[in-house]
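A.B. asks: I'd like to go over a predicted model; first the sequence, then the structure.
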Amino acid sequence: MKTVVVALVSAAIAGIGTVGVSAHHSAIAYDRTADIELMGTVREFQYTNPHSWLYIQVVDKAGQTVDWGFEAEGPSTLLRAGIKVSLLKPGEHVTVKGHPLKDGRPAALLVSVTKADGSVLSTDAALRRGPGGKLLEAP
Amino acid sequence: MHALTLRTAAVVVIVTIATFVPRTAAAQEYEKWYKQSQQQFNDLKQKARGGTRMTWDKLPDWTGIWTHDGGTRFDPKIPNYQPTSAKLTPEYQTKFDKKLADQKQGIEWDHLSYCLPAGFPRWITEPFLREFVVRPEEVWWINEQQSEVRRIYTDGRGHVPEDEAYSTWTGDSIGFWDGDTLVVHTINNKEGQYNRGQPDYSDKVSTVEKIRKVSTDAIEDDITVYDPLSLVEPWHVVNRYVRVKTPNLRINMWSCEENNNVVKTQDGSTQFILKGEAGYKDPSSVITGPGGTQAPK
């Protein structure tokens, strides 16, 4: 059965937070002044160095399923933010925020992932939430 | 006897030429700066009366996992992409100005994207996890990124002889202990940049570091950088590494080629090949190699 997903794309959602890509490449290809928010299902979570990539399947306005890639930090940085590889499984419904590529291709710099239970995963500590969107205690 | 006299005369002539023919200005300048860093290191060693004779029971406890504090700044007080606190030579100031201008135009490339190592002294600024392996005769400073190790010899040896030396990614480091402070002199580095949005340095760069644990959860690296080509005066900064307390965290093998789909554009900037696009290297294709390309039959 084909998964039904709804896409929400919005430009310039104010104040969704910032993340850094400080590993092995410039972040110049991303528009860090623009933000997107997409709902979809997890297709693949590449938990890898030098960067991890979260791929989700999104249904666009024309009804076409599009793979969107979200670039994140490598595993050790994600682990320090509590983002374990086991937390994002293929087929899972998520809402993902990020800074899109300037050239319009379907990829973005990951800002946060909201899971179905309301928990929010992010390397930005200010954005992190527990199940039900509860504020987390500082480590 | 006659042949010996001729040989002696030839040696005298060669020594005379070598002594009195002026060397190039660049060579003299390099020697002057190299001597400065060597001099600082020697002065510190003399002040420490040759250094603490280190034994296993005297070694400081630097165990644990650490990470660079304050992002990727070389001078923690100065944000990247801002005017630097380094006093640059005109040539390197011009290069730095151009780098900042290019970045504002959307053009930026980092040699790390070729999966090359950061190089030293940029190595100081790299994020990710660090570990120190401290032995009486040697200290290993491990960086998770690229699985790099700086080897700092504290057994009293000197640098690699000049006629065998060449530029390396982490340089040639010798050191001594002054109590619980590790004093290090590093030469023979490759040219590079302190990080993105920061100035470049030449392969003549050398450093003197004083590394010590300043609290249970912090190790400080007091660094003076010398470089006759990029700096008009030595550059002093203090970097800090803080303890990482995340449970179950390990420093694992770090391969840059595992998932690198970054490419350099024609205008010299940075771009990605996305999954499904031509040339994409799939990280899941471990058997056939990144990209899944199979060898021709």
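C.D. replies: Received the coordinates, thanks. Owing to the predicted nature of the structure, the values given are computational and were not obtained by experimental measurement.
A.B. asks: any idea which helix or strand carries residue 40?
C.D. replies: If you meant another chain, say so; for now it's chain A. strand A:36-46 (DSSP states H and E).
A.B. asks: let's do chain B instead
C.D. replies: Short version: B:Gln40 belongs to helix B:25-47, going by DSSP H and E.
A.B. asks: continuing past that helix, what's the next helix or strand?
C.D. replies: Using DSSP H and E, the helix or strand that follows helix B:25-47 towards the C-terminus is strand B:66-68.
A.B. asks: what about the helix or strand following that following strand, average pLDDT?
C.D. replies: Using DSSP H and E, the helix or strand that follows strand B:66-68 in sequence is helix B:90-104. Average pLDDT, helix B:90-104: 97.
A.B. asks: hmm, the next helix or strand after helix B:90-104 in reach of chain A?
C.D. replies: Next helix or strand after helix B:90-104 toward the C-terminus (DSSP H and E): strand B:129-134. Yes: Strand B:129-134 is in contact with chain A by CB under 8 Å from any CB of the partner chain, via B:Leu129. (Glycine included, C-beta is placed from N, CA and C.)
A.B. asks: Contacts made by strand B:129-134 with the rest, please.
C.D. replies: For strand B:129-134, contacts defined as CB atoms under 8 Å, 6 or more residues apart in numbering or on different chains pick out A:76, B:59-60, B:62-68, B:139-144, B:219, B:241, B:244, B:249, B:251.
A.B. asks: ok, and for the strand holding A:Gly40, which residues are buried?
C.D. replies: Neighbour-count burial for strand A:36-46, with 16 or more other CB atoms under 10 Å in any protein chain shown as criterion, is recorded at A:Ile36, A:Glu37, A:Leu38, A:Met39, A:Gly40, A:Thr41, A:Val42, A:Arg43, A:Glu44, A:Phe45, A:Gln46.
A.B. asks: That one pairs with which strands?
C.D. replies: strand A:52-59 (antiparallel), strand A:93-100 (antiparallel) (DSSP bridges).
A.B. asks: What ranges does chain A have for its helices?
C.D. replies: For chain A, the helices defined by DSSP state H cover A:75-80.
A.B. asks: okay, now B:Gln266: neighbour count?
C.D. replies: 6 (other CB atoms under 10 Å in any protein chain shown).
A.B. asks: Close to chain A: what parts of chain B are there?
C.D. replies: For chain B, the contact set with chain A under CB under 8 Å from any CB comprises B:71-72, B:103, B:106-110, B:112-113, B:115, B:127-129, B:144-145, B:196, B:244-246, B:248-249, B:251-252, B:254-256, B:258-260, B:262, B:269-272, B:274-276, B:283-284.
A.B. asks: For the residue of the stretch 151-297 of chain B found nearest chain A, what are phi and psi?
C.D. replies: At 3.8 Å from chain A, B:Asn259 is the closest residue in the stretch 151-297 of chain B, using CB to the nearest CB. As for B:Asn259, its main-chain torsions (degrees, to the nearest 10) stand at phi -150, psi 70.
A.B. asks: count of neighbours near it?
C.D. replies: 22.
A.B. asks: and what of B:Ala48?
C.D. replies: The local packing of B:Ala48 (other CB under 10 Å) involves 15 other residues.
A.B. asks: Could you do B:Asn42 as well?
C.D. replies: Neighbours around B:Asn42, by other CB under 10 Å: 13.
A.B. asks: That one and A:Val96, how far apart?
C.D. replies: Distance, B:Asn42 to A:Val96, using CB to CB, to the nearest Å: 56 Å.
A.B. asks: again with B:Phe176
C.D. replies: 52 Å.
A.B. asks: And A:Ile28, by the same measure?
C.D. replies: Distance, A:Ile28 to A:Val96, by CB to CB: 22 Å.
A.B. asks: pLDDT weak spots in the stretch 151-297 of chain B?
C.D. replies: Along the stretch 151-297 of chain B, the parts satisfying pLDDT under 70 run over B:285-297.
A.B. asks: again with chain A
C.D. replies: For chain A, the ranges with pLDDT under 70 are A:1-22, A:138-139.
A.B. asks: Those residues of it touching chain B, which are they?
C.D. replies: Counting by CB under 8 Å from any CB, chain A sits next to chain B at A:20, A:22-26, A:28-29, A:44, A:46, A:48-53, A:55, A:67, A:69, A:71, A:74-77, A:79-80, A:101-103, A:105-107, A:139.
A.B. asks: Which among the residues you listed count as buried?
C.D. replies: A:22-26, A:28-29, A:44, A:46, A:48-53, A:55, A:67, A:69, A:71, A:74-77, A:79-80, A:101, A:105-107.
A.B. asks: what about residue 134, how many residues close to it?
C.D. replies: This is for chain A. 11.
A.B. asks: Actually, chain B is the one I wanted.
C.D. replies: There are 19 residues near B:Val134, going by other CB under 10 Å.
A.B. asks: Setting the sequence-adjacent residues aside, check what's closest to A:Ala23.
C.D. replies: A:Pro50 (4.6 Å; CB to CB, 6 or more residues apart in numbering or on different chains).
A.B. asks: what's the answer for A:Ala107, then?
C.D. replies: That would be A:Gly69: by CB to CB, 6+ apart, it lies 4.2 Å from A:Ala107.
A.B. asks: beta partners for B:Trp141?
C.D. replies: Bridge pairing for B:Trp141 - DSSP bridges - gives B:Phe132, B:Arg150.
A.B. asks: close enough to count as contact, it and B:Arg150?
C.D. replies: Yes: the pair B:Trp141 and B:Arg150 passes the contact test of CB atoms under 8 Å, sitting 4.3 Å apart.
A.B. asks: For the two, indicate the residue with more neighbours.
C.D. replies: Neighbours were counted for B:Trp141 and for B:Arg150 using other CB under 10 Å; B:Trp141 has more, 26 against 20.
A.B. asks: Surely B:Met190 and B:Trp169 touch.
C.D. replies: Quick fix: residue B:190 is Lys, not Met. Yes: the pair B:Lys190 / B:Trp169 is scored as a contact, 6.1 Å apart, by CB under 8 Å.
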